[in-house]
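Q: Sequence isn't available, so here's the structure alone:
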């Protein structure tokens with residue numbers, strides 16, 4: 001009886017872990033750029049291959065040639081649909097005189113609402129074109145259910161105040177809690 005209970009418990013835990021598992025697969029940027037993958041831009045800044053129990057994703061951050069003005073940061077989420085990589089969400093960040101810089105090491109992949117789909121946070125910053133050492137803002141880009149949301153804190157006030165994208169209020173509370181925890185711990189400077 002105890003062995004049956006233990007087996008059922010182990011099976012239940014295994015199914016739960018398999019359902020919540022998010023896997024990040026390492027991608028070589030140089031090889032990816034040469035692969036013919038249909039991303040926008042001319043050069044890849046960051047590429048993430050993330051699988052979940054429900055989906056297979058590539059998240060690609062790319063730009064045009066160096067020194068383009070305005071500096072376009074293309075952000076695209078691809079999913080495999082009918083054996084073809086298809087854009088399911090995309091955004092384009094550009095401002096005249098501003099350069100964006102992706103923080104490749106500052107990101108988080110999770111499934112806060114336990115739906116088996118990717119929830120993610122990426123970080124990038126804004127800099128004046130003439131001085132890349134000067135940071136103007138730190139931005140958290142949230143990907144949730146094929147839509148992007150943003151938080152921004154500015155250097156001018158010491159990153160004390162956060163502004164939110166207009167659609168941020170639409171996020172479920174469980175996602176906002178995960179984002180807030182990440183944002184509060186992030187060294188924004």
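A: Cool, got the structure. Source: prediction; values computed, not measured.

Q: Name the residues linked to residue 102 by a beta bridge.
A: Using DSSP bridges, the beta-bridge partners of residue 102 come out as residue 124.

Q: for residue 73, same thing?
A: Residue 73 forms beta bridges with residue 63, residue 93, as assigned by DSSP bridges.

Q: Equivalent analysis for residue 89, please.
A: Bridge pairing for residue 89 - DSSP bridges - gives residue 77.

Q: Burial check on it, number of neighbours?
A: 17 (other Cβ atoms under 10 Å). All C-beta spots, glycine's among them, are computed from the backbone N, C-alpha and C.

Q: Also residue 138?
A: Using other Cβ under 10 Å, residue 138 has 23 other residues around it.

Q: show me the contacts for it.
A: By Cβ atoms under 8 Å, 6 or more residues apart in numbering, the contact list for residue 138 reads 123, 125, 152-153, 159, 186, 188-189.

Q: do that again at 6 Å, thanks
A: By Cβ atoms under 6 Å, 6 or more residues apart in numbering, the residues touching residue 138 are 125, 153, 188.

Q: so what's it closest to, chain neighbours aside?
A: Among residues not flanking residue 138 along the chain, residue 188 sits closest, at 3.8 Å (Cβ to Cβ, 6 or more residues apart in numbering).

Q: Mind checking the pLDDT average for stretch 36-44?
A: The average of the pLDDT scores along stretch 36-44 is 94.

Q: Report the buried residues of that stretch.
A: Neighbour-count burial for stretch 36-44 flags 37, 39, 41, 44 (criterion: 16 or more other Cβ atoms under 10 Å).

Q: Tell me the helices and strands packed up against whichever helix or strand the last one is part of.
A: Taking DSSP states H and E as the criterion, residue 44 maps to strand 43-51. Packing contacts for strand 43-51, counted by 3 or more Cβ pairs under 6 Å, 6 or more residues apart in numbering; DSSP states H and E, involve strand 23-25, helix 29-34, strand 56-63, strand 98-110.

Q: report the angle between the axes of that strand and strand 98-110?
A: Strand 43-51 runs at 10 degrees relative to strand 98-110, counting by axes from the mean of the first three to the mean of the last three Cα atoms, to 10 degrees.

Q: so where's the chain uncertain?
A: For the chain, the stretches flagged by pLDDT under 70 are 1-20.

Q: ok so, going back, okay, the contacts of residue 138 in TSV with distance to residue 97 and neighbour count next?
A: Compiled in TSV, the contacts of residue 138 are given as follows (distance: Cβ to Cβ, whole Å; neighbours: other Cβ atoms under 10 Å):
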residue	distance to residue 97	neighbour count
125	15	20
153	20	20
188	21	21
